Structures are given as C-alpha cells and as structure tokens.
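> sequence and computational prediction follow.
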Protein chains: 2
Amino acid sequence: MKVAVLGFGVVGVGIWEMLGQAENLEQGPVLVRPGKKDAPWKVETLDEILADPSIDAVAEAMGGVEPAFSYGMRVLRAGKHFITANKALVAARGIELSALARERGLAFLFGAACGGALPYLQQLCLAHRGDRVLRVSGILNSTTNYILDAMQRRNMEYCDALKDAQALGYAECDPTADVSGLDALRKIMLACAVAFDRLPADGLCCEGIDRLTAADVTDFKRRGLTCRLLVSGEPVGDTVSAYAEPVLLPPDREECAVLDNFNLARFDAERMGRMALLGQGAGRYPTAGGVIRDLQWAVLGGRQMLSPACVKVTADNSRVRHRYYLRLPRALADRFTPEEYVLCGDTARIVTEPVSVAEMHAAVREMREAGADVFFAAMA
Amino acid sequence: MKVAVLGFGVVGVGIWEMLGQAENLEQGPVLVRPGKKDAPWKVETLDEILADPSIDAVAEAMGGVEPAFSYGMRVLRAGKHFITANKALVAARGIELSALARERGLAFLFGAACGGALPYLQQLCLAHRGDRVLRVSGILNSTTNYILDAMQRRNMEYCDALKDAQALGYAECDPTADVSGLDALRKIMLACAVAFDRLPADGLCCEGIDRLTAADVTDFKRRGLTCRLLVSGEPVGDTVSAYAEPVLLPPDREECAVLDNFNLARFDAERMGRMALLGQGAGRYPTAGGVIRDLQWAVLGGRQMLSPACVKVTADNSRVRHRYYLRLPRALADRFTPEEYVLCGDTARIVTEPVSVAEMHAAVREMREAGADVFFAAMA
C-alpha cells in the first residue's frame, strides 16, 4: 500500500522514515506547505496526491482541525484511506469523517491520536465488539507524567520540572494544553467514542497540574501517596462521565510505577477483566509507530474505529463521586465536610467526604473566581 | 463467521458464551469427547464439523499436542480457519500448522496461547512487520505471580500461597508446569517465534520458584527488592536467547506493581520504544477473550502470526549475563566470585559478578545433583 503523508514535522518525518522499513507499505509523496522545509518527495498541493491513482492511503500529521478536516474529506472522496494522529480533528469532526469513510468502504483510523504507540483504541474497538467495556481510564499525557514524576522522585519544583520537560522535547514551548489536562481529556473523549459509542462533546470536567507545588508533593509523600493526572470515562445512563483530574494513589497502584514520560492506558471489560497498556504515548517514533500500526490494520482490512451508532453527547459528571484532597485557604475549608483537616498557617489541607466530580470542579472554579489559590486531587 | 469449538472445559465454555455476544461471530457446534459433560450444541466427532459447510472457523480448547494437532490439520484441509489457545501445540507443531494455513489462505492464530486477554502476540506481529523488535520479556505466568505476591505482601510461606492459589482456581491440582517455569517458558518461545522468526526448541534455560522460602523473601525485602518470575528472549547471532528465571527488582520497576494473578507482557522495539501490556493472562474469560480477539482479527482478514521465514533453532543463553543472587550451602559459595557475601549459620547468601544465564543454570543444576539446596535469582 502506497501512503502519502500530510505534514513533515516531528511526526510526519517519523511516518515517512518508518514507511521505508515497513512490510506491505510504501513511501509516497509528502505534502509540505509552501515556505516549510523540504521533504524527500515534496508536493505542495493536495491535488497532486488526489490525482495519483497509485496512492492508496493518506496519513495526516499536520495537527489542528482545519485544513485537516477538509483535506480528510477530499482524500476519502478521492477513494483513499485516511489515517490520522490528530486528536483535535477527531474530537471535533471524527463522526463526519467516519460516516463518509464507511459509505465509501474506506479506512478512517486514528489509533495514534490516543496513546501513540499503544494499541489502545484498536483494543477498545475489539473489546467493544466482542465483550462489554465498563470503563476507560489512565495516564494519557506524557508531559504531565514527566513533571509529576520529577517532582515526586527528584523533589523538583513545578517550574523546574516543566523546564526540564521542555529541554528534553517532551513539552511544547506553550505547554498549556498539556498541563491544563486538555490534551489528556481529548484522548479520553476519543476512547469514550470508541468504547461506548458516545463522544462527550461538552459537560466535561478538566483539572490539570499547574497549581501543584513542591510543598504539596512533600505532603503527599508524608501520607505515602503518589500524584498522577488521570482521565476517566464510563457509561452513565444514556451518556458518559468524562473528566481529567489529579489523583492521589497508594503505593501498590500500578499508576505509581508509570515513570518519566510513559503512559498507562486502561480499560475494564465485563468478561476479559482489566487490561492496561504501558508505553510511550507521544514523541516522533511512538506516534509514527501508531500511524504505521493503523496502516497495517488497513492493509488487513480494518476500516472503522467508530461504529455507525456513535453520537455526540453531553457528559454527566454528577454521578461519579470521590473523596477529594484539597489545599486551600483556611477560611474556605468550612465549605466542605472534611474527614481530615490539617492546618499550617493560613493554609488548610483537607480530605472531604465523597463529592461528585461535577460538584467539586464547580466548587473549586467558584473559589478561584473569588481569588483563592486552590489545589485539589481525587483520593484513589 | 460461524465458529465450532473443540473442547468444553474452562476455556471452551468461555468461548461458547462469548461467541453468543460477539459482533460478526456466531455459535457453532461443540465437540465433546464421549463421556464428558454435555454442551448446548454437542457433536461427538470432528467429521460432523468438517462436513458442515456453514462453519467457517474452529476454535480449539482441548489442550495437549494430540489429538489437537491432527484435528487442526484436518480443519485446515477442510478449508476452515483454525484458532487455538493451546501453547503446547503451537510450541511443538505451530510451524507445520502455519505452513498449511498459508498454503490454503486460511487463518492460523494463537494469540490466546501467550498472555490470554493481552494482545501480545498480535502486537508483536505488527511491530515485527513495521519496526524491529529488540527484546521480548515479562511476567507470563499467573499462578507464580500470585504466589510471589502473596509471599511478598502477606508474608506467606510458599506452600500456603500455593494452596491459596489452588483454592482460588489460579493453580492446577498439579501445579508443576506453572511453578517450574515451563508454562512461562513456552509462552516466550511463541513470542520469539513471532517477533524474531526463530522458535527456540532446545537449549532453553528454565528455573521456577519452587525452591523459594519465606526466609528468602524476608531477605529480599531487607534489601528493598521484589521477586518476580520473568521470561526473556532476544536475538543472538542467527538464533535467540530464551529463558525463564526468578529476578529481584528494585521498587521503581513496573514489574513490582504487577500484583495478584496479573501478567505483564513487554517488548522493546527499535523505534517505538518499550511497550508493556498488563492484565489477566489466564482464566476462563481472559483466555476465551483472546480467542474471540483472534476470531475478530480473522474476520478482518488476519491470517498468520508466524512468517514463512520462521524456523526452529537451538537457543543460545551463553551471551546474556546477569549478576545473580544465590542462597546456598556455605561450602559451595567459593564456586563463584561474590560481590556480596552474607553468612547465616551454614547458609550463605551471595551476589555474584556477572555470569551468563547458561553458566548459572548449569552450575546450579550440578550443585543440586550433588544434593545441595539452592535458590537463585537474577539481579535486575
């Protein structure tokens, strides 16, 4: 199968290189925007790719919703498979791309958009067809895991750990999407779409790690707990819960063994039990490897990750409840019914009784809008 | 795809049940040997299955090399896909079954034979085709992991932990294949065949956990180490290394977070990096789920896990070297050049300089033949 590549950045270069080595796959032209660097077989318009009947598939690595979406639709209309690593694209327009691909009998696969090298969406797909998926969850952002691990094991301050991650190429110059939890949240949106036929498009709760301090981490360690940024989704009535938030974990939880920039993508199925995939979820070759895996699957006949039944829904995070740890100004601690309460100057560290995810995220948003500095994390 | 099932034991019942729920799959008849319990749609001879043109595939869950091998060959000659969870069969006759299946354009898949629910062989297959696998390894036996974890976390004696595993249905009445390391070794043989096109048929090294005592575990804990039974395989010249042995691991290694009866199946690939799959590697539904996954793959067009290049080889374990921990009679400790040496009565606990796997396994075999009680484990 001959494969054209859209974009020649970090991931595009990786895909091109790996195409040269992979069985059953062949390098095609690379679409590079005018003014960008040269590729080994460069074309400057999509038309050149669409017009070439020897090209069977197109791998997209440009990022962003547009022009990726229009390009994807044109690729499918031209009768070529469309494989992407672009989570923003799939979260926003995946259902439309999948419908067109299905109509034409073509592949629309996006396994690299969630978990990079990990065959997470592909396995969810199979589990959804042959079993019943009960829950999707995990550590799906590499940058934040690197920062949390550096703070925990090397006692680093948040800013230093972030600079370190940037120096190593794990974090973007603008790390907002990573540290705010948005990147991980988008991935769990895709997982929900594949596993439950529900793509949660609003009503989501998203808390990152950008309020975390070295003093917080010292307190977690004193309690024997490790902090990780987890995402989670599960069926709730006709919709799903879907949220990202820091979680404090006891030492025998496998998430604590996820170090550096690794990911852990997990699901629970009714019969097959719990399964977790551990590996590199981002970076040139892990992401390119995920695209190659989807291309191989397309060669074998794999076509859709989304079922025709998949619809957009509003997430419901009001029914899942956790105990929460909060670090907040002493005066605000009364707002909750704490099970534990530790005071240090004007700062209180409390553990609440079970509170719903929606309620806790809303309460903290309100406190912050009133100017309070608050960190919170669910207790696993 | 309509699927007949051979055998109606723990796994066969699971396959039958899951076939009733899975998309694209349909329950067919079940071959039950005369005198065995009834199945919902029972037949007593393979001929009835072979003669039915509506049956597309046969899932084998009888165990043992014969009659499973003859049945598999007849199934393929009759033009039906053959899917099995039987590692003894594949280790002994997999290359012949794969050759016949390839010749006929049929599927011969055995993902459930190594890792149960974990899509380990399938991922190795894809990584072998699109990248280069450097090493396969992991925790691939559930019974021994349960025992080791119970000894480590609950301070149990070996015999009590084994009885516990039997009571929970994790261990067979005769647990020899599990506790001797043979079951895990067979699985790594299959992984080597898929990942390296080399099926190591002799020259293997296999050490289990049946010599382990609570006093040993106490000593590991004092050193801050956790014991796991690991298997490993990697290319060595034209052949591979392939062995099973206990390993002592520092606390930040992810194997330490593999608890109860869980498995961790890992591989390292040149570009995609390290990947590990964590989940239930044995039991009714995890194993049946692995068979269902292979059947779904066959529906999509998946055909062979073994490449035509795969050949049987003699393993070479003389080039991989580890430092080893040994508990042995004081008088025998001189045989090695210990880096560490602790004496307790007539028993010595030593850590050696790096020694090859083949050399250590041979040395211990010799000491045991002379009547010595020795436990050993590699230092991770």
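Looks like it came in fine.

> mind listing what's buried in stretch A:252-268?
Across stretch A:252-268, burial judged by 16 or more other Cβ atoms under 10 Å in any protein chain shown covers A:253-259, A:261-268. Glycine gets a C-beta too; all of them are placed from N, C-alpha and C.

> next, the distance between the ends of it.
Chord length of stretch A:252-268, first to last residue, is 18 Å (Cα to Cα, to the nearest Å).

> and the strands in the stretch 251-380 of chain A, which stretches?
Using DSSP state E, counting those that start in this stretch, the strands assigned to the stretch 251-380 of chain A run over residues A:262-269, A:273-280, A:311-314, A:321-322, A:324-329, A:338-344, A:347-352, A:355-356, A:375-379.

> the second one pairs with which strands, and in what direction?
Read that as strand A:273-280. Note on strand A:273-280: by DSSP bridges, its sheet partners are strand A:262-269 (antiparallel), strand B:273-280 (antiparallel).

> A:Asp174 is in what secondary structure piece?
If you go by DSSP states H and E, A:Asp174 is not part of any helix or strand.

> taking the buried residues of stretch A:252-268 together, which two end up most distant?
Spatial extent of these (Cβ to Cβ) is set by the pair A:Asn261 and A:Asp268 at 24.9 Å.

> hmm, back to that, out of the strands paired with strand A:273-280, the one nearest B:Ile188 is which?
strand B:273-280 (14.2 Å).

> can you give the contact residues for that closest one?
With contacts defined as Cβ atoms under 8 Å, 6 or more residues apart in numbering or on different chains, strand B:273-280 is touched by A:117-118, A:254, A:264, A:272-280, A:283, A:285-286, B:115-120, B:123, B:127, B:138, B:142, B:254, B:258, B:261-269, B:286.

> repeat that with 7 Å
Contact partners of strand B:273-280, identified using Cβ atoms under 7 Å, 6 or more residues apart in numbering or on different chains, comprise A:117-118, A:254, A:273-280, A:285-286, B:115-120, B:254, B:258, B:261-268, B:286.

> for it, the averaged confidence score.
Taken as a whole, strand B:273-280 has a mean pLDDT of 92.

> can you check stretch A:343-354 too?
On average, stretch A:343-354 scores 94.

> tell me the pLDDT of A:Asn141.
For A:Asn141, the model assigns a pLDDT of 96.

> show me what from chain A comes close to chain B.
With Cβ under 7 Å from any Cβ of the partner chain as the criterion, chain A meets chain B at residues A:18, A:22-24, A:117-119, A:123, A:126, A:129-131, A:252, A:254, A:256-257, A:259, A:271-280, A:285-286, A:289, A:292-293, A:296, A:300-302.

> which of those are buried, as a PyMOL select command?
Selecting only the buried entries of the residues of chain A next to chain B in PyMOL, with 16+ other Cβ under 10 Å as the criterion:
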select buried, chain A and resi 18+22+117+118+119+123+126+129+130+131+254+256+257+259+271+272+273+274+275+276+277+278+279+280+285+286+289+292+293+296+302
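
> my guess is A:Glu26 meets A:Ala4, correct?
No - counting by Cβ atoms under 7 Å, A:Glu26 sits too far from A:Ala4 to count as a contact (10.4 Å).

> which one of those two has more residues nearby?
Taking neighbours as other Cβ atoms under 10 Å in any protein chain shown, A:Glu26 and A:Ala4 compare with A:Ala4 leading, 26 against 14.

> partner strands of whichever strand or helix holds that one, parallel or antiparallel?
Per DSSP H and E: A:Ala4 is located in strand A:2-6. Strand A:2-6 sits in its sheet next to strand A:26-31 (parallel), strand A:57-60 (parallel), going by DSSP bridges.

> tell me the mean pLDDT over it?
Rounded mean pLDDT across strand A:2-6 is 97.

> who are the packing partners of the helix or strand following that strand?
Next along the chain after strand A:2-6, taking DSSP H and E as the criterion, comes helix A:10-19. Judged by 3 or more Cβ pairs under 7 Å, 6 or more residues apart in numbering or on different chains; DSSP states H and E, helix A:10-19 is in contact with strand A:2-6, strand A:26-31, helix A:284-300.

> so how far is the longest one from its chain's centroid?
This points to helix A:284-300. 17 Å (Cα atoms, centre = their mean, to the nearest Å).

> now do A:Arg33: how many residues are near it, please.
12.

> confidence score at the closest residue to it other than its chain neighbours?
Excluding the flanking residues, the one nearest A:Arg33 by Cβ to Cβ, 6 or more residues apart in numbering or on different chains is A:Glu44, at 7.6 Å. Here, the pLDDT recorded for A:Glu44 equals 89.

> A:Gly35 is in contact with A:Glu44, correct?
No - using Cβ under 7 Å, A:Glu44 is not in contact with A:Gly35; the gap is 9.8 Å.

> okay, these two: which has more neighbours?
Between A:Glu44 and A:Gly35, counting by other Cβ under 10 Å, A:Glu44 is the more crowded of the two (13 against 6).

> distance of the more buried one from B:Ala177?
In this view, A:Glu44 and B:Ala177 are 62 Å apart by Cβ to Cβ, to the nearest Å.
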